[in-house]
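1. kindly generate the corresponding structure for this input.
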Amino acid sequence: MPIFFLLATISTSLALIFASLSTSVIISRRRRRRRSVGFFHPYTNDGGGGERVLWCAVRAVQEEDPDLEVSVFTGDDATPESLSSRALDRFGVQLLRPPMES
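-> Next up is the predicted model:
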């Protein structure tokens, strides 16, 4: 009987230690994870009114939370830098930084 009690105590202690370590690893990973937001616009190079709304929304998100990564998912073949320069040239919207490559 005392051996059973000892084994149960040891196994419970090991389970608690394992659970504690697992929880701290998960919390640590979540703190290091970059937060991001994505916009989908299939034709960012068309130059219509919808594109201006897109770039104004991207700029607003960047101003609201500078640490938030912003991605623009598009069907166009464009780099983040070309999208950013087009937003400025075509619509006068200066982004804080180019969107992430998606």
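2. can you give me the end-to-end span of stretch 74-85?
-> 16 Å (Cα to Cα, to the nearest Å).
3. go on, stretch 84-101?
-> 11 Å.
4. now that stretch: mean pLDDT?
-> Throughout stretch 84-101, pLDDT has a mean value of 90.
5. chain center to that stretch: distance?
-> 19 Å (Cα atoms, centre = their mean, to the nearest Å).
6. buried stuff in it?
-> Buried residues in stretch 84-101, counted by 16 or more other Cβ atoms under 10 Å: 84, 86-87, 91, 93, 95, 98-99. Every residue, glycine included, has its C-beta placed from N, CA and C.
7. how about stretch 50-65?
-> 51, 54-55, 57-59, 61-62.
8. save the buried residues of stretch 84-101 as CSV, and put in distance to Phe40 and secondary structure too.
-> What follows is those, written out as CSV (distance: Cβ to Cβ, whole Å; DSSP: H, G, I helix; E, B strand; the rest coil):
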residue, distance to Phe40, secondary structure
Ser84, 17, helix
Arg86, 17, helix
Ala87, 16, helix
Phe91, 18, helix
Val93, 18, coil
Leu95, 17, coil
Pro98, 17, coil
Pro99, 12, coil
